[in-house]
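> Here's a sequence, model it:
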Amino acid sequence: ILIRGKRSLLATNDPLFIVDGIPFNGDLNDLNTDDIVAVDVLKDASATAIYGSRAANGVILVSTKRGRNNKPVVSYSGYAGFVKPLGEYDIMNGPQYDLFKRWAFFNAQTPGTYKNVDDPLFYTDGTFAVEEVEGVKTGRSTDWQKLLYKTGLMLNQQIGVSGGNDITQYAISGGYYKETGVYPGQSFERYSVKASVDQQLGKYFKVGVSSLNTYTITQGENSNPMGQALRASPLSSPYDSKGNLIIGFVPGSANQVYNPLADFIDGQVVETRRRLGTFSTAYIEAYLATGLQYRLNAGAEIRNDTYGSFFGQQTTKSLANNGQSAGRNDSRFTTSYTLENLLTYDKTFGKHRINFTGLYSIQEQQGQYTTFSYFALPSDNLQYYNPQYGSSTKGSGSYTKW
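Residues are numbered from 1 along each chain as shown. Predicted coordinates:
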């Protein structure tokens, strides 16, 4: 999400997320949209005046549902749909590519090599691969995009209960969301549970707590076979004469263009990101005197993010690396807390009004990160679970606190 454009070459351009008044380390994918009641976007000076340099890329304020003074209400919402590509990239079919290739070599020829653009010599001197010559004879025109694209599905389910009286208000909800992408192996899945309670304590005090918990699973987040498919010759076939998938270089294509369908053989490409987060907030309001109010806002967040990827020996990435399988493991763990003390005085004296707000706030965050990458696993069945069996292992890590 870009609010003020790309403003930094090295730092992040993401906006600052504020959920129920407290800075939030997650993103919109971690929030169940059924739990949201309002979203406000701050840009320009209005953002930095409140949150300082952290708001240089803008601020997104999110308010979530809370209980109301009414009878208990049980609600359910759900929908299902499908995901399809808007269209295909406009590239050459088999006959067009055949003509293009002959004209390219005819225009770049040594004088006298070819008589004309229809000279049969093009098909015997290595201009075309053997598989392409066969494709010209049979009228083959492989649509690599159609072989890769698929229709994805989406499903959203939400159930909740809310209610309360003049003293206590509550809201509890649970949600499930899943969407599969337009390439095989792509999916996003989210489980969420949210609960909030607001309690009036006598005439002068009010307290409230809220907890948002999410668990997400992302599969194939970097899956994009188009870099191979759009450069593969339409005169070549992904299958041999017996219908078996051809593993390796696509004849007649540019350098390092391998059969992209090999990436979708079961178990050959595995890429999974799991994120578990809990975000809890609490407040205390005290009415000290007429027009004088104190409020304490507190928030704590714990977030764990693990990532693993594996590319088997037959995949496009491994074939470009001398046929070596490749694996990677990332682990990130962050904790943070925020404390805000606000003292507000708002009083009207006849024609005059006085408004004063004092704030003292503190926020602290700690994070640790480790990553390992390795090659040449002895068996594709190991995937990314046993990095100790790989070779050329490289690792790094970091710890931050501010």
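> Can you give me every residue that contacts residue 237?
With contacts defined as CB atoms under 8 Å, 6 or more residues apart in numbering, residue 237 is in contact with 131, 135, 140, 142, 246. Every C-beta, even on glycine, is put in place using the N, C-alpha and C of the backbone.
> same question, residue 221
Contacts of residue 221 by CB under 8 Å, 6+ apart are 186, 271, 273.
> and the host helix or strand of the last one, which residues are buried?
Assigned by DSSP states H and E, residue 273 belongs to strand 269-289. Neighbour-count burial for strand 269-289 flags 269-273, 275, 277, 279-283, 285 (criterion: 16 or more other CB atoms under 10 Å).
> Next: stretch 108-116.
residue 114.
> Stretch 176-191 too?
Within stretch 176-191, judged by 16+ other CB under 10 Å, the buried ones are 177-181, 183-191.
> Take these and keep only those in strands.
177-180, 187-191 (DSSP state E).
> Taking those together, which two end up most distant?
180 and 191 (16.3 Å; CB to CB).
> can you map out the strands along the chain?
16-19, 22-24, 36-42, 59-64, 73-83, 152-164, 168-180, 187-201, 205-219, 269-289, 292-311, 326-349, 352-375, 391-401.
> what's near enough to touch the closest residue to residue 381 other than its chain neighbours?
The shortest distance from residue 381 to any non-neighbouring residue, by CB to CB, 6 or more residues apart in numbering, is to residue 267 (7.5 Å). The contact partners of residue 267, by CB under 8 Å, 6+ apart, come to 312, 380-381, 383.
> Quick check, residue 18 in contact with residue 59.
Yes. Using CB atoms under 8 Å, residue 18 is in contact with residue 59, at 6.1 Å.
> Need the overlap of contacts for the two.
Applying CB under 8 Å, 6+ apart, one finds that residue 18 and residue 59 are jointly contacted by residue 51.
> What number of residues are in the vicinity of the closest residue to residue 170 other than its chain neighbours?
Excluding its sequence neighbours, the residue lying closest to residue 170 (CB to CB, 6+ apart) is residue 67, at 4.3 Å. Applying other CB atoms under 10 Å, we find 22 other residues in the vicinity of residue 67.
> and what of residue 84?
10.
> Show me the helices in the stretch 1-150 of the chain, by range?
Per DSSP state H, counting those that start in this stretch, the stretch 1-150 of the chain carries helices over the ranges 45-51, 94-107, 130-138, 144-148.
> among those, which is the most enclosed?
helix 144-148 (a mean of 18; mean count of other CB atoms under 10 Å).
> circling back to that earlier point, can the contacts of residue 237 go into JSON lines with extra columns for pLDDT and distance to residue 308?
Compiled in JSON lines, these are given as follows (pLDDT from 0 to 100; distance: CB to CB, whole Å):
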{"residue": "131", "pLDDT": "93", "distance to residue 308": "36"}
{"residue": "135", "pLDDT": "94", "distance to residue 308": "39"}
{"residue": "140", "pLDDT": "94", "distance to residue 308": "39"}
{"residue": "142", "pLDDT": "95", "distance to residue 308": "33"}
{"residue": "246", "pLDDT": "91", "distance to residue 308": "28"}
